[in-house]
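# return a 3D structure for these sequence lines:
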Amino acid sequence: MREDNDAARSAHVGREGEHDIDRIESPGFVEAVVGAIEAGERDILRSLIADLHESDLGRLIEALPPPDRPRMIELLGADFDFTALTELDETTRVRILEELSTQTVVEGMRDLDSDDAVYILEDLGDAEKQEILAGLSVPERAALQRSLDYPEESAGRRMQTEFIALPPFWTVGQALDYIGETEGLPEVFFEVFIVDPTFRLSGSVPLDRLLRTKRGTKLGEVVTPDRHVVNVLDDQEDVARIFERYNLISAPVVDAAGRIVGVLTVDDIVDVIQEEADEDLKALGGVAGDEELSDSFWYIAKSRFAWLLLNLIAANLASFVIALFENELQRMVALAVLMPIVASQGGNAGTQTMTVAVRALATRELKPSNARRIVARELLVGLFNGVVFAVIMAAVVFARFGVMDLGFVIGLAMIINLVAAALGGILIPLTLDRLKVDPAVSSGPFVTTITDVVGFFAFLGIASLWF
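Below is the predicted model of the structure:
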C-alpha cells in the first residue's frame, strides 16, 4: 500500500511546469487514479484530482475505463464537482447518470448553477428526470422544471435563474452591503438588475459602475437601460449572434410580460457557438449533428444510412446519364478516361461554393438584400475558373492524346460544369433556407447530383455532337 501511495503522490506532483491537460493525458496519472478507485482509496483519489478544473476533470472521466467512471463519482461523494459532467458528450454523460444512485445525483445537483443542472437533466428520460427532481426541495424543483418546460435550444433552456435584482430606490451602499452579506447569491455575476415591484426589468448597473459610485447614490440614478434584452423563447443561435455582434458579457432574459426570469453569460454562449458550429460541420458531411465518438455502432449506422442512400440514388442517376452515351464511350475510350475529371472538378467547385453559402446563411451574412449580388459573384467566379481550367485541360489532353478537338470538348464541358457548380452551390442552400429546411443538412447530395449529372451530360453530349 505504501508503494501505491508513493506512486499516487508522484503522479499528482507531475513535472514542473506541466499543465493539467498534460497531466491527465499521461498514462501514469490515469493509472494512479484507476488504482485509487479500484482500491477504494478516497483520500488518495481526492488528493489526485483536488486541483483539477471542471473541464480537465471531464477529460479525466473520459480517459477512465467506463466501469470506473460512476465508481469514482460514488467514491468521492460530496467532493465530486458535478459541473464536470457538463464537459462530457451526451452519450457518456447519460450512461454515467443511469449507473449512479438517484441520491448521489440529487446531492450533486444541489450545488450546481441552474443552467448546468438543466443541461445535465435535459438528456435523461422523463422517468429518470422526474425521479431526480422529486428529491430536490420545492423551490429548486420548481426552478428547474420551469427551465425544462421551455423549448430545446431556446434561451430559457440556457439561462441561469440565479441573478441579483434590486429596486431603484435602494442606494449603492445598500446594494453593496446586500451583495457582501447575503448568502445564496450567484458565485459569478457581472451586473445587478433593477426591477419594479412587479419584477419588470428597468435596466442594469454594471459592477464597475457600482463600485465607483458614492454609497448614497440611488440605483435608479445610475441604471442603464438594457438594449440587448433576450426573450426567453429566442433561439440560442440568435442569442449567440447578439453576444458576438455586441461583445456582451451577459444579458438579461425576460418573459412575454417583460419580467426578468434569468440571465445568460458568455461562458454559456461559447458552448452554444461551439455546438452549433459542430452540428453544421457534421451536417455538411452527412453526419447527424448529435453523433459522438462514444455512440454505439447501431446508432451511428442508422444515422448515416439515410444520407448514404440518398447519395446512392444520385450516383445511379449519374450512371443513367452515362448509359445514354454508351456507343460514344465504346467508339472513343479516351472519353471514359477523361469523364471523371469533369465531374470531379465540378464537385469540388460546388462544395466550395456550398460551404461558403451555408456558413453565410448560418451567420445571417447572406440575406435577401444581398443574395442577388452574391449569386452574380459566384457565377463570375465559376465562369472565370471554368475558362482557366478549360485552357489547362485542353493543353493536357492535346499533349496526352494528340487530338485537338477532344481538348476543345473537355474544355467546353469544364466551363459548363463549373458554372453549374457555382449556381448550384449558392442557389440550392438559398432555396432550402427559403423552404425552412436546414441547408447544412440537405445541400450536399443535391449539389453533388447536379455537378455529376451536368458534368457527364455536358462532356458526353458535346462529344457525341462533335465527333
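# pLDDT weak spots in this structure?
The chain contains residues with pLDDT under 70 at 1-22, 25, 280-297, 299, 304, 307, 330-331.
# per-domain residue ranges of it.
Following automatic domain parsing, the chain resolves into domains at 2-153, 165-284, 297-466.
# any idea how far the shortest one is from the chain center?
This points to domain 165-284. Domain 165-284 has its C-alpha centroid displaced from the chain centroid by 23 Å (CA atoms, centre = their mean, to the nearest Å).
# can you pull out the strands in the stretch 51-200 of the chain?
165-166, 191-195 (DSSP state E, counting those that start in this stretch).
# buried sites along the longest helix along the chain?
In the chain, assigned by DSSP state H, the helix with the most residues is helix 368-401. Within helix 368-401, the residues scored as buried using 16 or more other CB atoms under 10 Å are 371, 374-375, 378-379, 381-382, 385-386, 389-390, 393-394, 397. C-beta: built from backbone N, CA, C; applies to glycine.
# ditto for stretch 271-279
271-272, 275-276, 279.
# rewinding a little: so how far is the next helix or strand after the longest helix of the chain from its chain's centroid?
The element immediately downstream of helix 368-401 (helix or strand, assigned by DSSP states H and E) is helix 404-434. Its chain's C-alpha centre and that of helix 404-434 lie 32 Å apart, by CA atoms, centre = their mean.
# mind listing what's buried in helix 404-434?
Counting neighbours by 16+ other CB under 10 Å, the buried set in helix 404-434 is 406-430, 432-433.
# wait, what's in contact with G425?
Contact analysis of G425 by CB atoms under 8 Å, 6 or more residues apart in numbering lists 349-354, 356-357, 378, 447.
# actually R141, not the one I wrote
Counting by CB under 8 Å, 6+ apart, R141 has contacts 133-134.
# so A251 touches D226, yeah?
Yes. Using CB atoms under 8 Å, A251 is in contact with D226, at 7.4 Å.
# most widely separated two among the buried residues of helix 368-401?
Farthest apart among the buried residues of helix 368-401 by CB to CB are A371 and V397. That separation is 37.1 Å.
# before we move on, back to that, same drill for A251 and D226, tell me which one is more crowded.
A251 (24 against 18; other CB atoms under 10 Å).
# so the more buried one, which of the three states?
The local conformation at A251, judged by DSSP: H, G, I helix; E, B strand; the rest coil, is strand.
# again with K214
K214 ends up coil, using three-state DSSP.
# use 24 as the first number for this chain going forward.
Sure thing, new numbering starts at 24, so read that last one as K237.
# tell me the contacts of the residue sitting nearest the centre point of the chain?
For the chain, the residue nearest the mean C-alpha position is E298 (1.3 Å; CA atoms, centre = their mean). E298 makes contact with no residue under the criterion CB under 8 Å, 6+ apart.
# using CSV, write down the CA coordinates of the helix or strand hosting it.
Element membership for E298 (DSSP H and E) is helix 289-307. These are the backbone C-alpha positions of helix 289-307, laid out as CSV (Å, rounded to 0.1, in the frame of the first residue of the first chain):
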residue,chain,number,x,y,z
VAL,A,289,-20.7,34.5,-22.1
ASP,A,290,-19.5,31.1,-20.9
ASP,A,291,-22.9,29.6,-21.9
ILE,A,292,-22.8,31.3,-25.2
VAL,A,293,-19.3,30.0,-26.1
ASP,A,294,-20.7,26.5,-25.6
VAL,A,295,-23.6,27.3,-27.9
ILE,A,296,-21.3,28.6,-30.6
GLN,A,297,-19.2,25.5,-30.4
GLU,A,298,-22.2,23.2,-30.5
GLU,A,299,-23.8,25.0,-33.5
ALA,A,300,-20.5,25.0,-35.4
ASP,A,301,-20.0,21.3,-34.6
GLU,A,302,-23.5,20.5,-35.9
ASP,A,303,-23.1,22.5,-39.1
LEU,A,304,-19.7,20.8,-39.8
LYS,A,305,-21.1,17.3,-39.3
ALA,A,306,-24.2,18.1,-41.3
LEU,A,307,-22.1,19.2,-44.3
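# after it, heading C-terminal, what element do we hit next?
Criterion used, DSSP H and E; the element after helix 289-307 is helix 320-346.
# now the angle from that next one to helix 289-307?
40 degrees (axes from the mean of the first three to the mean of the last three CA atoms, to 10 degrees).
# on that earlier part again, and the strands of the stretch 74-223 of the chain as JSON lines, adding mean neighbour count and distance to R264?
Shown next, in JSON lines, are these (neighbours: other CB atoms under 10 Å; distance: least, CB to CB, whole Å):
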{"stretch": "strand 188-189", "mean neighbour count": "16", "distance to R264": "26"}
{"stretch": "strand 214-218", "mean neighbour count": "22", "distance to R264": "21"}
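# closest one to S49 among the ones you listed?
strand 214-218 (41.2 Å).
# packing partners of that closest one?
strand 188-189, strand 224-229, helix 230-235, helix 242-245, strand 283-288 (3 or more CB pairs under 8 Å, 6 or more residues apart in numbering; DSSP states H and E).
# quick one, phi/psi of A73?
phi -60, psi -40 (degrees, to the nearest 10).
# number of residues surrounding it?
So A73, with other CB under 10 Å, has 9 neighbours.
# and it, how close does it get to S487?
For A73, the distance to S487 (CB to CB, to the nearest Å) stands at 76 Å.
# F424 too?
For F424 relative to S487 (CB to CB), the value is 17 Å.
# got it, and F222?
F222 is 75 Å from S487, by CB to CB.
# and for L347?
For L347 relative to S487 (CB to CB), the value is 9 Å.
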